[in-house]
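*Asks:* show me the folded form of this:
(one chain, ligands or ions: 1)
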Amino acid sequence: MAETAHQETHGFQTEVKQLLQLMIHSLYSNKEIFLRELVSNAADAADKLRFKALSDPSLFENDGDLAVKLSADKDAGTVTISDNGIGMNRNDVIEHLGTIAKSGTKEFFNHLSGDQAKDSQLIGQFGVGFYSAFIVADNVIVRSRAAGDDPSKGVEWQSAGEGEFTVKDIEKADRGTEIILHLREDEKEFADEWRLRSIITKYSEHISIPVKMWKDEVPESEGEDGEKTPAIPGQWESVNKATALWTRDKSDISEDEYNEFYKHISHDFADPLLHAHNKVEGKTEYTSLLYIPSKAPYDLWNRDQNHGLKLYVQRVFIMDDAEQFMPIYLRFVKGLLDSNDLPLNVSREILQDNKITQAIRQGCTKRVLQMLERLAKKDAEKYQVFWSEFGNVLKEGPAEDFANKEKIAGLLRFASTENDSDAQTVSLDDYISRMKEGQEKIYFITADSYTAAKSSPHLEIFRKKGIEVLLMSDRIDEWLMSHLSEYNEKSFQSVTRGALDLGDLEDEESKKEHEKAEKEVEGLTERVKAALGDKVVDVKFTHRLTNSPACIVTDEQGMTTQMIKLMQAAGQPVPEAKYHFEMNPEHQLVKMLANIQDESQFKQWADVLFDQAALSEQGSLKDPATFVQNLNSLLMTLAK
Ligand SMILES: Nc1ncnc2c1ncn2[C@@H]1O[C@H](COP(=O)(O)OP(=O)(O)OP(=O)(O)O)[C@@H](O)[C@H]1O
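*Replies:* Below you'll find the predicted structure:
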């Protein structure tokens, strides 16, 4: 019999099994989302059919009225969702409903903590899609037939969600997919028409095809005056407006609708942080609806992850993840684009180097930066939420997007010596507004950690003079600062690099004091240079220190210590760093050093001071044993 032909049992991919387990246990407070996910898939299937039918209209099989139908059978305890979209053949079903196609799935599961509350948050960002059916059902049957296939090529997929599924060939007259959920004993409430209607209204308002529910016949009735109202036959009735949300007027769209639409396209469970909906007219005409999520996805760090906008051309869905419309540093932006100018048969290759693409990309990039600028001005607290989730990605911007460098720089936030906290809250505008009279540069330091940055000896003179320094300790910061040379006509200056030139901030009186201190230990720099030999490029006095005896500084043109460390960690060849050794002539240890006559002891002291300075700059030493030996030997001499 054709009905049962070719039945096979397959195992779920390991990750699907994990997902099912986790989902059933962690989404109990959010069960109704299964409807959103299944209706969302049905709407996508309609979009895909429309797109394919552009080149082959026969796929409509004389039925171009695309819709989703929803029904329930209380007695049987079932809910059925059916669509007349693109449908699936046997191979599609095995491939799509037994595996998870997302990249990074394995890593995602490795990251789960086992703490259900936390994991359910994560799963929200991951998206559960079709598998959410098992939140409420203990038996799911999918009957599908691909558009354009013969009715005998139908397929039935069935699973109890416990590790395996079966597929068999069936006869299916109508194109599309029908999903029958056999509800779990304690989830039978969903088989109630009214319950379903109230949920589906919430989840389908933004869906661009009709979502229909069956309305029973209204029998003929007779008014008091004996006038008869004819019976209204039972019919499928649409529960949503079924117009593409982005084509509607902004003022007609509620916040809830925008949020639901976001969940539909992003598969995120949480509301977005903000959105911007714009119709652009003029040379290039398009509508964009852009969202910034409230949480970073689990794979944000992967620069190759799928990202980009959903692309529509004249309201026809063309493709997901059209990455050409968003720069990589804005890969967290979700949304869609509906162009009037691109051809319907546009492909990724055509998009690649296309003038219209470039114009839209520029427009969308500007829009996102503007959205963030406004948020930062209007709601600093909410902006901080954005910054802590996506700030490090935005920091890739200045290197990638030269034209918008200044705008992006204005959106950056840093920790600073102004606050006693590692929170990145200080903008460059804040910094500039606090600059001292005569201060020309924006000073910053990069280090391994906030604590290392904060306690660096290089900051001593800045603290003394009350000059603010930005404290940077994210891995990306070094990269960022190598692409950012100025902001608002003020240049950036690393406090660990090159000669310290405080310009007009240096006053006459302290200059005189410095000269006096240097005179007292005259000749010391030459002696130390002779003792340290090749270890240093040169030795000089500095007044950037107050509490420390000495520090090491890289060349103005050379790499910073932090950059050298990053390159070494990445396994890249790095030329040996050459340091300038700078001593504080006002420090007791330096004064003492100048008085040591014994040359071998002098060398030991010089080595210890140099190694100490290298230690606080680099966090480790090439030859720690010699340092410890030298130090102990000096301590013993002092103890005698
Ligand atoms: N109603 C449907 N009609 C046709 N194909 C479907 C239908 N539902 C699911 N599919 C197919 O199954 C695949 C897997 O669906 P699922 O909802 O699990 O993931 P997804 O939609 O690809 O991902 P996500 O839900 O995270 O976007 C879909 O990509 C689609 O190819």
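
*Asks:* in which helix or strand does the residue in the stretch 451-600 of the chain that the ligand sits nearest to reside?
*Replies:* Per CB to the nearest ligand atom, the residue of the stretch 451-600 of the chain with the smallest distance to the ligand is residue 476, at 28.3 Å. The way it works is simple: take the backbone N, C-alpha and C, and place the C-beta from them, glycine included. Taking DSSP states H and E as the criterion, residue 476 maps to helix 475-481.

*Asks:* which residues of the stretch 151-300 of the chain lie near the ligand?
*Replies:* 177, 267 (CB under 6 Å from any ligand atom).

*Asks:* residue ranges for the helices of the stretch 151-300 of the chain, please.
*Replies:* Ranges of helices in the stretch 151-300 of the chain, per DSSP state H, counting those that start in this stretch, are 193-204, 255-266.

*Asks:* next one: phi and psi at residue 455?
*Replies:* In terms of degrees, to the nearest 10, the main-chain angles of residue 455 are phi -100, psi 20.

*Asks:* burial check on it, number of neighbours?
*Replies:* 11 (other CB atoms under 10 Å).

*Asks:* got it, and residue 493?
*Replies:* 18.

*Asks:* how many neighbours does the closest residue to it other than its chain neighbours have?
*Replies:* Counting by CB to CB, 6 or more residues apart in numbering, residue 493 lies nearest to residue 441, which is 4.1 Å off, once chain neighbours are set aside. Residue 441 has 18 neighbouring residues, counting by other CB under 10 Å.

*Asks:* what does residue 363 give?
*Replies:* Residue 363: 18 neighbours (other CB under 10 Å).

*Asks:* next one: residue 624
*Replies:* Residue 624 sits with 11 neighbouring residues when counted by other CB under 10 Å.

*Asks:* report the next helix or strand after the lowest-mean-pLDDT helix or strand in the chain in sequence order.
*Replies:* The helix or strand of the chain with the poorest confidence is helix 116-126; it has a mean of 71 (mean pLDDT, DSSP states H and E). The helix or strand immediately downstream of helix 116-126 is helix 133-136, counting by DSSP H and E.

*Asks:* tell me the helices and strands packed up against that next one.
*Replies:* helix 14-26, helix 33-53, strand 176-183 (3 or more CB pairs under 8 Å, 6 or more residues apart in numbering; DSSP states H and E).

*Asks:* mean pLDDT for the ones you listed: which is lowest?
*Replies:* Among those, helix 14-26 carries the lowest mean pLDDT, a mean of 84.

*Asks:* what helices or strands is it leaning on?
*Replies:* helix 105-111, helix 116-126, helix 133-136.

*Asks:* can you map out the helices along the stretch 401-550 of the chain?
*Replies:* So, for the stretch 401-550 of the chain - with DSSP H, counting those that start in this stretch - the helices run 405-411, 428-433, 450-454, 460-465, 475-481, 508-520, 524-532.

*Asks:* between those helices, which one is closest to residue 35.
*Replies:* Across the helices of the stretch 401-550 of the chain, residue 35 has its closest neighbour in helix 405-411 (38.1 Å, CB to CB).

*Asks:* residues contacting the closest one, please?
*Replies:* Helix 405-411 is contacted from outside by 329, 369, 372-373, 376, 394, 397-398, 401, 427-429, 483-484, 487-488, using CB atoms under 8 Å, 6 or more residues apart in numbering.

*Asks:* just to revisit the earlier point, residues contacting the residue of the stretch 451-600 of the chain closest to the ligand?
*Replies:* Contacts of residue 476 (CB under 8 Å, 6+ apart): 392, 395, 396.

*Asks:* same thing but 10 Å
*Replies:* Residues counted as contacts of residue 476 (CB atoms under 10 Å, 6 or more residues apart in numbering) are 391, 392, 393, 394, 395, 396, 399, 566.

*Asks:* what's the answer for residue 374, then?
*Replies:* Applying CB under 10 Å, 6+ apart, the residues contacting residue 374 are 274, 276, 383.

*Asks:* which helix or strand lies directly C-terminal to whatever helix or strand it lives in?
*Replies:* Residue 374 is part of helix 355-378, with elements assigned from DSSP H and E. Per DSSP H and E, helix 355-378 leads on to helix 380-394 as the next helix or strand towards the C-terminus.

*Asks:* helices or strands next to whatever helix or strand comes next after that following helix in the packing?
*Replies:* Counting by DSSP H and E, the next helix or strand C-terminal to helix 380-394 is helix 397-400. If you count contacts as 3 or more CB pairs under 10 Å, 6 or more residues apart in numbering; DSSP states H and E, helix 397-400 packs onto helix 405-411, helix 475-481.

*Asks:* and if we set it to 7 Å?
*Replies:* helix 405-411 (3 or more CB pairs under 7 Å, 6 or more residues apart in numbering; DSSP states H and E).

*Asks:* starting at the chain centroid, how far to the helix it packs on?
*Replies:* Distance of helix 405-411 from its chain centroid, counting by CA atoms, centre = their mean, to the nearest Å, is 18 Å.
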